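Undergrad: Quick one, what's the 3D model for this:
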Amino acid sequence: MNPTIRDVAKLAGTSKSTVSRYLNGQAVKKRTQEALEAAIRELNFHPNVHARRLVTNQTNMIGVIVNDISNVFYSGILKGVETVAEANGYGCVYYSRTSGDRRESEFVKLLHEGQVDGLIFVSFKKRDAAEAEILQNADAPIVVIGDDGGNRALHSVDVDHEHGISELVHYLFALGHRKLGYISGPAEESPSVYRLEGFRKALAELGMETRKEWIAASDWTNEGGYKAMMTLLEAGGVTAVLSSNDEMAVGALTAMRDKNLTVPEDCSLVGYDDINIARWVYPPLTTVRQPFYEIGRLAAEGLLAKVRSDEAAEGARILLKPEIVIRESCRSLHPVTN
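TA: This is a model prediction of the structure:
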């Protein structure tokens with residue numbers, strides 16, 4: 001027979017009401033807390049979650065809505081969410097929008113039905129302004145990771161993609177490169193949009209030449225990067241290529257090898273994301289590291305602040321700065337002096 005609150009109270013030498021208060025997160029005296037914890041361990045007592053939900057009107061669960069749960073980039077983000085959730089006595093339940101057919105706003109009903117206490121939406125897609133407004137007006141604890149659809153009242157956490165690309169452009173400029181090619185991602189993905197904007201702004205800021213044929217659109221994949229690099233090589237003239245993610249950069253590296261070109265001797269190459277393969281290809285890839293764990297951590301902390309109705313839980317746009325990781329895929333064009 002499973003132990004009950006009565007058993008815990010008897011062993012701890014206290015009342016059932018005191019046990020209930022402790023289990024529901026209310027403060028008790030330190031000596032009483034120690035006695036209760038010892039009794040719970042000895043009896044291997046597990047509180048009835050459903051009964052607690054009726055009392056507190058909380059599930060102690062966070063809903064995480066992921067655009068495509070198979071995407072490897074989400075793993076670091078989800079680890080950050082889980083770490084904060086577990087440290088605060090919460091669990092996570094995941095919902096995937098792999099098909100892309102369901103709108104994010106449809107998941108708000110999970111809150112109204114009492115299935116979760118708050119929602120975190122994770123997506124790299126460009127958010128629709130109308131959808132963002134629905135989430136912002138839902139009158140419920142919601143945080144989004146990624147684009148905020150232009151709604152600055154919506155609590156969101158993202159990376160400053162323009163800054164990351166700008167860092168790469170300035171790095172290549174310092175090495176003497178003035179003719180840069182660029183491989184962009186899909187137009188519907190917010191990181192792709194912001195990175196391309198950052199690239200163009202940095203070129204203008206530095207007074208560097210830009211040509212339409214030096215920008216090739218792709219799809220985030222190795223194969224897409226390969227094809228885009230072939231297009232840039234046919235256009236000719238560039239001394240360095242920026243790939244807006246590492247997977248495409250790996251494809252671009254293969255394309256250059258197939259053309260009997262070497263990196264960085266014939267053309268410098270940089271990526272973005274710092275996924276694991278970036279340090280294992282040859283030459284190791286200069287890239288930009290995204291703070292995936294921090295994104296998840298800050299999103300979860302913001303959500304729990306909303307759940308607890310803290311004053312600090314107001315809507316906020318948090319943009320994290322990525323950092324450049326310099327390896328061996330770029331060379332200086334400055335003359336060597338003895």
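Undergrad: show me where pLDDT drops low in the chain?
TA: 1, 24-26, 47-57, 98-101, 310-315, 338 (pLDDT under 70).
Undergrad: For it, just list every one of the helices.
TA: Assigned helices in the chain, in chain order: 5-12, 16-23, 30-43, 49-56, 74-87, 109-112, 129-136, 161-174, 190-206, 222-235, 246-258, 292-307 (criterion: DSSP state H).
Undergrad: distance between the ends of stretch 89-102?
TA: With C-alpha to C-alpha, to the nearest Å applied, stretch 89-102 spans 30 Å between its terminal residues.
Undergrad: again, but for stretch 145-155
TA: With C-alpha to C-alpha as the measure, the ends of stretch 145-155 fall 9 Å from one another.
Undergrad: distance between it and the chain's centre?
TA: Relative to its chain's centre, stretch 145-155 lies at 14 Å (C-alpha atoms, centre = their mean, to the nearest Å).
Undergrad: before we move on, the earlier item: Val281 is nearest to which of the helices of the chain?
TA: Evaluated over the helices of the chain, closeness to Val281 peaks at helix 246-258, with 5.9 Å, by C-beta to C-beta. To be clear about C-beta, it is placed using only N, CA and C from the backbone, and glycine gets the same treatment.
Undergrad: What is the closest one packed up against?
TA: Under the contact criterion of 3 or more C-beta pairs under 8 Å, 6 or more residues apart in numbering; DSSP states H and E, helix 246-258 touches strand 180-184, helix 222-235, strand 240-243, strand 268-270.
Undergrad: Next, count neighbours for Ser309.
TA: Here the neighbour count serves as a burial measure; for Ser309 (other C-beta atoms under 10 Å) it reads 8.
Undergrad: ok, the closest residue in space to Lys227 that isn't next to it in sequence to Ala38 distance?
TA: Counting by C-beta to C-beta, 6 or more residues apart in numbering, Lys227 lies nearest to Ser218, which is 7.0 Å off, once chain neighbours are set aside. When distance is defined by C-beta to C-beta, to the nearest Å, Ser218 is 60 Å away from Ala38.
Undergrad: picking up where we left off before, was I right about the residue nearest to Lys227 contacting Gly185?
TA: Yes - using C-beta atoms under 8 Å, Ser218 is in contact with Gly185, at 6.4 Å.
Undergrad: Need the residues touching each of the two.
TA: Here Ser218 and Gly185 share the contacting residues Met248, scored by C-beta atoms under 8 Å, 6 or more residues apart in numbering.
Undergrad: Let me see the contact set for the residue lying closest to Thr262 once chain neighbours are set aside.
TA: Computed as C-beta to C-beta, 6+ apart, the closest residue to Thr262 that is not its neighbour in sequence is Met256, at 7.2 Å. With contacts defined as C-beta under 8 Å, 6+ apart, the neighbours of Met256 are Met229, Leu233, Thr262, Val263, Asp266, Cys267, Leu269.
Undergrad: do Tyr94 as well
TA: Val64, Val66, Ile69, Leu78.
Undergrad: out of these, which are inside strands?
TA: Per DSSP state E, strands hold the following members of the contacts of Tyr94: Val64, Val66.
Undergrad: So how do I select the buried members of the contacts of Tyr94 in ChimeraX?
TA: Command for ChimeraX, covering only those of those found buried under the criterion 16 or more other C-beta atoms under 10 Å:
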select :64,66,69,78
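Undergrad: and of the contacts of Tyr94, the nearest to Leu304?
TA: So of the contacts of Tyr94, ranked by how close each gets to Leu304 (C-beta to C-beta), first place is Val64, at 13.1 Å.
Undergrad: give me the beta-bridge partners of the closest one?
TA: Legend: beta-bridge partners of Val64 under DSSP bridges are Tyr94, Ile120.
Undergrad: Isn't it up against Ile120?
TA: Yes - assessed by C-beta under 8 Å, Val64 is found in contact with Ile120 at 5.0 Å.
Undergrad: Can you pull the residues that touch both of those two?
TA: Residues touching both Val64 and Ile120 (C-beta under 8 Å, 6+ apart): Val81.
Undergrad: So for stretch 121-137, what gets flagged as buried?
TA: Buried residues in stretch 121-137, defined by neighbour count with 16+ other C-beta under 10 Å: 121-127, 131-136.
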